[in-house]
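> Below is the structure, and that's it, no one-letter string:
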């Protein structure tokens with residue numbers, strides 16, 4: 001990798017488990033940072049969530065490529081000294097232990113930053129470092145519920161979680177971007193001073209809840225879960241075609257609405273109806289509008305509807321499952337090495353020009369323990 005465009009030379013110590021912190025450190029590892037993953041003797045418990053990927057956990061494979069692994073028992077003085085020596089040489093320390101667990105280990109983050117003034121510490125927990133909930137354990141589904149996210153997900157009284165660990169991912173993304181900003185600030189600081197970062201799953205998720213919150217707070221609305229319909233835009237959602245296949249489409253403005261009425265519905269008179277004249281009216285009269293669209297779509301096969309939507313410049317999507325995603329013409333993959341051979345997983349959301357592609361490896365438990373103990377043991 002080109003040293004000018006990545007994090008080569010940056011050392012990250014990650015006392016981590018599960019999803020949120022490994023997400024952040026995993027992104028740093030992909031950018032060339034040296035990431036030392038500290039695991040308990042039995043390993044990060046995410047290693048044991050399933051055995052789906054060549055006898056390894058899908059969660060662990062997704063988040064831990066390119067890291068070095070060492071097992072430490074931080075209750076022993078010998079292993080405690082090893083992490084202390086690591087932190088004196090590290091640029092970044094990420095940890096997502098519960099606040100009480102961190103206190104029990106007597107790992108004073110402020111003290112670590114005093115010993116190593118350039119150190120950036122990032123703590124990830126459930127509810128933040130202050131407040132009544134600061135010591136509570138928290139996991140993704142619990143935070144999805146606590147944050148109100150589940151109340152706007154699902155259909156009617158049937159509430160659901162979002163199908164992936166969005167609260168963990170949101171926290172991991174926040175941690176990653178804040179660490180990068182801290183590294184950038186430190187680079188511009190003549191005294192090379194580090195900083196302390198605190199990220200919580202709860203606040204990362206409630207930030208994403210701002211639209212329903214603002215609608216409730218200032219719009220006198222009580223947002224509800226709309227299933228596969230958009231809560232504040234209509235028509236925007238899923239409609240069944242002749243063979244039962246769902247097609248989703250979105251109308252974002254009145255010009256698209258007119259095009260939709262003429263070219264897709266083939267009902268030009270629909271665009272002149274007062275109750276559908278703008279988005280506010282269409283949302284207010286959503287039930288009748290959905291009935292009209294559903295009746296029309298159900299008479300047509302999906303290919304006809306898709307052709308009309310495409311010709312009219314209306315955004316649309318099919319309701320794919322994971323098997324269909326695997327064959328999607330737009331899908332992008334990346335390769336990862338494991339002890340059982342190479343695997344492919346879905347690619348990142350961004351691409352970079354002239355960026356070398358390396359096959360990062362998933363570490364076995366304590367795979368680098370001996371070498372790291374030799375390096376930091378004295």
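Arrived safely, thanks for sending. Predicted model only: the values in this text are computed from it and were never measured.
> For the stretch 201-350 of the chain, just list every one of the helices.
201-208, 210-219, 254-259, 279-284, 286-297, 302-312, 322-326 (DSSP state H, counting those that start in this stretch).
> OK, contacts around residue 102?
Applying C-beta atoms under 8 Å, 6 or more residues apart in numbering to residue 102 gives the contacts 95, 109, 123. From N, CA and C alone the C-beta is placed, and that goes for glycine too.
> what packs against the top helix by length along the chain?
Ranked by number of residues, the top helix in the chain under DSSP state H is helix 166-188. Under the contact definition 3 or more C-beta pairs under 8 Å, 6 or more residues apart in numbering; DSSP states H and E, helix 166-188 sits against helix 20-30, strand 92-95, strand 120-125, helix 140-146, strand 196-200, helix 201-208.
> let's see it at 7 Å
Identification of packing neighbours for helix 166-188 by 3 or more C-beta pairs under 7 Å, 6 or more residues apart in numbering; DSSP states H and E yields helix 20-30, strand 120-125, helix 140-146, strand 196-200, helix 201-208.
> And the closest residue to residue 340 other than its chain neighbours, how close does it get to residue 193?
Spatial nearest neighbour of residue 340, chain neighbours left out: residue 54 (3.7 Å); criterion: C-beta to C-beta, 6 or more residues apart in numbering. Distance of residue 54 to residue 193, computed by C-beta to C-beta, to the nearest Å: 44 Å.
> and what of residue 157?
52 Å.
> Neighbour count for the two, which is higher?
Neighbour count, other C-beta atoms under 10 Å: between residue 157 and residue 193, residue 193 has more, with 14 against 6.
> Any idea how many residues pack against the closest residue to that one other than its chain neighbours?
Closest residue in space to residue 193, ignoring its immediate chain neighbours: residue 117 at 5.7 Å, by C-beta to C-beta, 6+ apart. Close neighbours of residue 117, defined as other C-beta under 10 Å, add up to 11.
> ditto for residue 210
10.
> Got the confidence number for it?
Each residue has a pLDDT score; the one for residue 210 is 94.
> Contacts only, for it.
Under the criterion of C-beta atoms under 7 Å, 6 or more residues apart in numbering, residue 210 has no neighbours.
> got the contact list for the longest helix of the chain?
Counting by C-beta under 7 Å, 6+ apart, 10, 18-21, 23-24, 27-28, 92, 94, 118, 120, 122, 124, 140, 143-144, 192-195, 197, 199-201, 204-205, 208 sit against helix 166-188.
> What's the ChimeraX line that selects buried ones from these?
Only the buried entries of those go into this ChimeraX selection, using 16 or more other C-beta atoms under 10 Å:
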select :10,18,19,20,21,23,24,27,28,92,94,118,120,122,124,140,143,144,194,195,197,199,200,201,204,205
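> Hmm, residue 335 is touching residue 344, no?
Yes: using C-beta atoms under 7 Å, residue 335 is in contact with residue 344, at 5.6 Å.
> The two: which has the busier surroundings?
For residue 335 versus residue 344, neighbours defined as other C-beta under 10 Å are more numerous around residue 335 (14 against 10).
> contacting residues around that one?
Per C-beta under 7 Å, 6+ apart, neighbours of residue 335: 342, 344, 359.
> burial count for residue 301?
Neighbours of residue 301 (other C-beta under 10 Å): 13.
> Likewise for the one 4 residues further on?
The tally of other residues near residue 305 (other C-beta under 10 Å) stands at 21.
> what pLDDT does the residue lying closest to residue 288 once chain neighbours are set aside get?
Nearest non-adjacent residue to residue 288, counting by C-beta to C-beta, 6+ apart: residue 275, 7.1 Å away. With respect to pLDDT, residue 275 scores 94.
> Now for the residue nearest to residue 308 when sequence neighbours are not counted: which residues touch it?
Using C-beta to C-beta, 6+ apart and skipping residues adjacent in sequence, the residue nearest residue 308 is residue 264, 4.4 Å away. Residue 264 is in contact with 308, 309, 312, 314, counting by C-beta under 7 Å, 6+ apart.
> what does residue 120 give?
91, 92, 179, 182, 183, 186, 194, 195, 197.
> Among the residues you listed, list the two that are farthest apart in space.
Greatest spatial distance among the contacts of residue 120 (C-beta to C-beta): 91 and 197, at 13.0 Å.
> Give me the contact list for the helix or strand where residue 13 lies.
Assigned by DSSP states H and E, residue 13 belongs to strand 11-15. By C-beta under 7 Å, 6+ apart, the residues outside strand 11-15 that reach it are 21, 25, 28, 33-38, 86-87, 89-95, 97.
> Parallel or antiparallel, list what pairs with it.
Its sheet considered, strand 11-15 pairs with strand 34-39 (parallel), strand 92-95 (parallel) by DSSP bridges.
> Looking at those strands, which is nearest to residue 330?
Of all those, strand 34-39 comes closest under C-beta to C-beta, at 30.4 Å.
> which helices and strands sit right next to the helix or strand that comes right after that closest one?
Going down the chain from strand 34-39, the next helix or strand is helix 58-63, by DSSP H and E. If contacts are counted by 3+ C-beta pairs under 7 Å, 6+ apart, helix 58-63 sits against helix 20-30.
> How far off centre is stretch 91-104?
21 Å (C-alpha atoms, centre = their mean, to the nearest Å).
> Would you mind finding the most buried of the strands paired with strand 11-15?
strand 92-95 (a mean of 26; mean count of other C-beta atoms under 10 Å).
> From start to finish, how long is stretch 112-130 in a straight line?
20 Å (C-alpha to C-alpha, to the nearest Å).
> Stretch 121-138 too?
21 Å.
> Give the buried residues for that stretch.
Residues 121, 122, 123, 124, 125, 126, 127, 128, 136, 138 are the ones in stretch 121-138 that count as buried (16+ other C-beta under 10 Å).
> so which two of the residues you listed are the farthest from each other?
121 and 136 (21.2 Å).
> What residue spans form the domains of this structure?
3-208+331-376, 236-318 (automatic domain parsing).
> Tell me which of the ones you listed lies nearest to residue 230.
Across the domains of the chain, closest to residue 230 is domain 236-318 (C-beta to C-beta), at 3.7 Å.
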